[in-house]
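Asks: Sequence and predicted structure below; questions after.
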Amino acid sequence: MPTKPGHSFITWFSWNEIAIAAGFLFPSWMLVNAIISGWDPVWQFFAVVIGGAIQGFLTGFVQWALFARTAVVPPLIPWLAMMTGGTAIAWVVAQVPGFLPAETDASLRIPLVAAGIAVALGIPLIAQWWVLRIPAKGASQAAWKYSLIAYVGWLIGAAIMGGVLVILAEVTDIKVTVVLLVVGALVAVMCASAGTWLGATVMSGQTRGRPSRTSRSPRMTQSTKPSPKSKPKTKTKTEAKIQTKIPPKKT
């Protein structure tokens, strides 16, 4: 971030990349463990949601630490609470298309899956937008720009990952499959990280130098018109005549 020395794009990008990538391990591990253990699909569903909540908490904490060095610092507790809950809800939405009947036509299933992913990606960012507007250090009126730009980054990443999955449908070599999955996931997360950095940069740049809602003084809203007392006093005609009749003193 350009708001303070030493907080560069590489710093934000690297830590955010690690947080997002590591965060996805929790719902993935919960799902794999539930399947191996033979859990009922409903319990598998809730296992993924719990993993998503852990993902939201981890990612939220890392991003808060990054925001702590910018012009906008969200309050920690509401930030973590909204990120945890928002990410859990996002995984609920993302899994809903999975309950469609197996005989559902692909022409209906694919749009529903895409719509579910698009909505799910936006939920945590809406939660972040709400918290970034709370009166705190540098409470930002440009918080919506951060969420919008970050959302575009996430959509691009999701589209790339979707394209990789389409390609994998025609691949039979296990090595090629693994390589494409790893590369696709890495590039997708890179797009998301870059989007959050750019959004935070835009928001921070527009917030820096502005007084926050809690720091505005009532004097700022008062009229700047000079008071009547400040107007110079004009002499009356009588005072002017008397002054002209008085001769100047001789030295």
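Replies: Okay, I see it.

Asks: where does the protein have low pLDDT?
Replies: Within the chain, the ranges that satisfy pLDDT under 70 run 1-7, 135-140, 206-251.

Asks: Around the closest residue to Ile123 other than its chain neighbours, how many other residues sit close by?
Replies: Closest residue to Ile123 apart from its sequence neighbours, by Cβ to Cβ, 6 or more residues apart in numbering: Ala90 at 4.3 Å. (C-beta placed from N, C-alpha, C; glycine too.) Here the number of neighbours of Ala90 (other Cβ atoms under 10 Å) works out to 25.

Asks: mind listing what Ala90 touches?
Replies: Ala90 is in contact with Gly52, Gly56, Ala120, Leu121, Ile123, Pro124, counting by Cβ atoms under 8 Å, 6 or more residues apart in numbering.

Asks: ok, the last one - contacts?
Replies: Pro124 is in contact with Gly56, Met83, Gly86, Thr87, Ala90, counting by Cβ under 8 Å, 6+ apart.

Asks: and it, what helix or strand is that in?
Replies: If you go by DSSP states H and E, Pro124 is part of helix 106-132.

Asks: and the helix or strand just after that helix, what does it pack onto?
Replies: The C-terminal neighbour of helix 106-132 among helices and strands, as given by DSSP H and E, is helix 143-168. Packed against helix 143-168 by the contact rule (3 or more Cβ pairs under 8 Å, 6 or more residues apart in numbering; DSSP states H and E) you find helix 106-132, helix 174-207.

Asks: Leu168 is nearest to which of those helices?
Replies: With Cβ to Cβ, the closest approach to Leu168 among those belongs to helix 174-207: 5.7 Å.

Asks: helices or strands up against the closest one?
Replies: helix 9-36, helix 41-67, helix 143-168.

Asks: and if we set it to 10 Å?
Replies: helix 9-36, helix 41-67, helix 106-132, helix 143-168 (3 or more Cβ pairs under 10 Å, 6 or more residues apart in numbering; DSSP states H and E).

Asks: and that helix, how far from the chain's centre?
Replies: 14 Å (Cα atoms, centre = their mean, to the nearest Å).

Asks: So which bits of it are buried?
Replies: The neighbour-count check on helix 174-207 (16 or more other Cβ atoms under 10 Å) flags 180, 184-185, 188-201, 203-207 as buried.
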